[in-house]
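# pasting the sequence and the predicted model now:
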Amino acid sequence: MTTLFDSHPARYWHKLDDGRIQCDLCPRFCRLHDGQRAFCFVRARQGDRIVLTTYGRSSGFCIDPVEKKGLNHFLPGTAALSFGTSGCNLGCKFCQNWEISKAREFDVLGERADPEDIARTAARLSCPSVAFTYNDPTIFHEYAVDTAIACRARGIKSIAVTAGYVRPEPRAEFYRHMDAANIDLKGFTEEFYRKVCYVHLQPVLDTLVYVKRETRVWLEITTLLIPGLNDSEAELERMTAWVVENLGPDVPWHFTAFHPDWRMRDVPGTPAATLSRARAIAMKNGVRYAFTGNVRDPAGQATCCHQCRALLVGRDGYAITAWHLTGDGKCQDCGAACAGVFQPAPGTWGAKRRPVSMSMA
């Protein structure tokens, strides 16, 4: 049979009585005839199986500050070798990375690298972590897992930047190989998730609870605040109260600014005051580490001791400007432990961004 797909066998699917094959990776349950692609566009039916069409193919590699992955308390100041593929299993109208996540052609996939290539390159470039980012790693599950296994063998950490829209069985396998994750909590109403993201809220909440309670993965949260859609005081009160009750007070939370993009170019950008208000509500409700993002706000991006409020880590954007943690991650003033994964001293990567060509690596 002639195929249009570069294929790598995918997991998590089963045959239906009507001849279709159902993808069981995420709660969309795409049911495919031969030759059809799932909603994410990268998982496809090929004959009597589901394949991943982007295995070993990336939209590009770049060394980023780990803080750019939405991780302020995981190896601060260090560099993360970052990459994504194409496609997404959400349909967010506000997507800030739509050139990659909404791609329906594979001309964006200009780099080829197998998992061992990536792990070897990260080690050679002194990157302590590899980040699956730019689009959601859920949809390139097999590629991400195999890369994480290769990285772990070399002592390199793996980071997932994800919307958390995944079913329980693949979720358990995926997070067994991750070391840190930033999971989007895009809003706190079913209506927002259904009408704006074209998915459902509950599976995301389930993933947050699973990662926090059932794994050793370091977890942080990001919420992109969109004026008039998910930024009301009532919604922020409910959302922050839920997080503290279900995930505890120590999960760092990033409230970030929306800018008009993709299919929401008529919505104004988020005022800095909205981010500050969200941060204040979160801290009032017990969140110990709340941050503002996508704006210049050193005060809102600093880590302070939850007990004595002393400055622990100062930041200006992605650059670290102050460090007042002991070697074991405690406040130098009062000795209270700061939740996170810290080295005795911060990294020195700063805010640099360095593209990497795997063909030259």
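Here it is on my side, so go on. Numbering: from 1, shown residues only.

# per-residue pLDDT of Ser59, please?
According to the prediction, Ser59 has pLDDT 86.

# Arg265 now?
So Arg265 comes in at 87 (pLDDT).

# where does the protein have its least confident helix or strand?
Least confident helix or strand of the chain, by mean pLDDT, DSSP states H and E, is helix 98-101 with a mean of 57.

# next SSE downstream of that one?
strand 111-112 (DSSP states H and E).

# centroid residue for the protein?
Val161 (1.4 Å; C-alpha atoms, centre = their mean).

# pull the contacting residues for that residue.
Lys69, Gly70, Ala131, Phe132, Thr133, Tyr134, Asp136, Pro137, Ala181, Asn182 (C-beta atoms under 8 Å, 6 or more residues apart in numbering). No exception for glycine: its C-beta is placed from N, CA and C like everyone else's.

# now for those residues: which two are most distant?
Tyr134 and Ala181 (15.0 Å; C-beta to C-beta).

# where does pLDDT dip in this protein?
By pLDDT under 70, the weakly predicted segments of the chain are 1-6, 97-110, 360-361.

# can you map out the strands along the stretch 101-250 of the chain?
111-112, 129-132, 157-162, 180-184, 218-225 (DSSP state E, counting those that start in this stretch).

# any chance of the contacts of Val161 in CSV, with distance to Arg31 and neighbour count too?
Formatted as CSV, the contacts of Val161 follow (distance: C-beta to C-beta, whole Å; neighbours: other C-beta atoms under 10 Å):
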residue, distance to Arg31, neighbour count
Lys69, 34, 24
Gly70, 33, 25
Ala131, 32, 29
Phe132, 27, 29
Thr133, 29, 23
Tyr134, 28, 22
Asp136, 21, 27
Pro137, 23, 28
Ala181, 29, 29
Asn182, 31, 23
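
# in stretch 151-167, which of the residues would be classed as buried?
Buried positions in stretch 151-167, judged by neighbour count with 16 or more other C-beta atoms under 10 Å: 151, 156-167.

# ignore the last one, stretch 211-218
Those buried within stretch 211-218 under the rule 16+ other C-beta under 10 Å are Val211, Lys212, Thr215, Val217, Trp218.

# with stretch 311-331 instead?
311-315, 317-320, 323-325, 329-331.

# out of those, who's nearest Arg265?
Gly317 (25.0 Å).

# who's in contact with that closest one?
Arg296, Gln301, Ala351 are the contacts of Gly317 under C-beta under 8 Å, 6+ apart.

# which two from the buried residues of stretch 311-331 end up farthest apart in space?
It's Gly317 and Lys330 that sit farthest apart of those, by C-beta to C-beta, at 25.7 Å.

# so how many other residues sit close to the closest residue in space to Cys151 that isn't next to it in sequence?
In this structure, Cys151 finds its nearest non-sequential neighbour in Ala119, 4.5 Å apart by C-beta to C-beta, 6 or more residues apart in numbering. For Ala119, the count of nearby residues is 25 (other C-beta atoms under 10 Å).

# what of Tyr175?
Tyr175: 23 neighbours (other C-beta under 10 Å).

# quick one: Leu236 from Ala163, how far?
19 Å (C-beta to C-beta, to the nearest Å).

# wait, Trp262 touches Cys88, no?
No. Contact criterion C-beta atoms under 8 Å: Trp262 and Cys88 do not qualify, at 11.3 Å.

# for Ile118, give me its contacts.
Applying C-beta under 8 Å, 6+ apart, the residues contacting Ile118 are Phe61, Leu81, Phe83, Val130, Thr147, Ala150, Cys151, Met358.

# is the last one in contact with Asp114, as I believe?
No. Assessed by C-beta under 8 Å, Met358 is found out of contact with Asp114, at 9.7 Å.

# what segments of the stretch 51-200 of the chain are helices?
98-101, 115-124, 141-153, 168-176, 190-192 (DSSP state H, counting those that start in this stretch).

# which of those sits closest to Gln307?
helix 168-176 (30.2 Å).

# distance between the closest one and the chain's centre?
15 Å (C-alpha atoms, centre = their mean, to the nearest Å).

# can you point out the buried residues in that helix?
Those would be Pro170, Arg171, Phe174, Tyr175, for helix 168-176 by 16+ other C-beta under 10 Å.

# can you name every helix or strand that that helix contacts?
Judged by 3 or more C-beta pairs under 8 Å, 6 or more residues apart in numbering; DSSP states H and E, helix 168-176 is in contact with helix 141-153, helix 202-214.

# most packed of these?
Across these, averaging neighbours per residue (mean count of other C-beta atoms under 10 Å) puts helix 141-153 on top, at a mean of 22.
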